[in-house]
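Asks: sequence? don't have it. structure:
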């Protein structure tokens with residue numbers, strides 16, 4: 001994984017994933033520094049909406065371009 005920041009792109013290497021009462025914690029190393037991502041229960045509906053929106057967009061693009069290729073005699 002990569003994290004974009006003002007100092008450039010840094011690799012993020014996850015080392016632990018925990019489920020807690022507060023939500024989800026992902027621990028790892030970002031570049032030379034320890035890092036932790038905390039996803040609270042309040043964040044989960046937003047993440048689901050983002051994921052579903054991305055999946056819907058991908059599906060629409062595949063459908064449009066897949067039909068276009070089929071219409072022009074190419075297989076997808």
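Replies: Arrived safely, thanks for sending. Everything quoted here is computed from the prediction, not taken from an experiment.
Asks: pLDDT at the nearest residue to residue 38 once chain neighbours are set aside, what is it?
Replies: The shortest distance from residue 38 to any non-neighbouring residue, by C-beta to C-beta, 6 or more residues apart in numbering, is to residue 25 (5.5 Å). From N, CA and C alone the C-beta is placed, and that goes for glycine too. Looking at residue 25, its pLDDT is 94.
Asks: residues contacting residue 25?
Replies: 16, 17, 18, 36, 37, 38, 39 (C-beta atoms under 8 Å, 6 or more residues apart in numbering).
Asks: What is the nearest of those to residue 6?
Replies: residue 37 (18.1 Å; C-beta to C-beta).
Asks: Quick check: beta-bridge partners of the residue lying closest to the closest one once chain neighbours are set aside?
Replies: Using C-beta to C-beta, 6+ apart and skipping residues adjacent in sequence, the residue nearest residue 37 is residue 26, 4.3 Å away. Taking DSSP bridges as the rule, residue 26 bridges to residue 17, residue 37.
Asks: Residue 26: neighbouring residues, count only.
Replies: 16 (other C-beta atoms under 10 Å).
Asks: do the same with residue 43
Replies: 12.
Asks: can I assume it is in contact with residue 23?
Replies: Yes - between residue 43 and residue 23 a contact is recorded at 6.7 Å, counting by C-beta atoms under 8 Å.
Asks: Now do the helices in this protein.
Replies: Listed from the start of the chain, the chain has helices (DSSP state H) covering 44-71.
Asks: Can you give the domain ranges for it?
Replies: Following automatic domain parsing, one gets these domains for the chain: 1-40, 43-76.
Asks: Looking at these, which one is packed in the most?
Replies: domain 1-40 (a mean of 12; mean count of other C-beta atoms under 10 Å).
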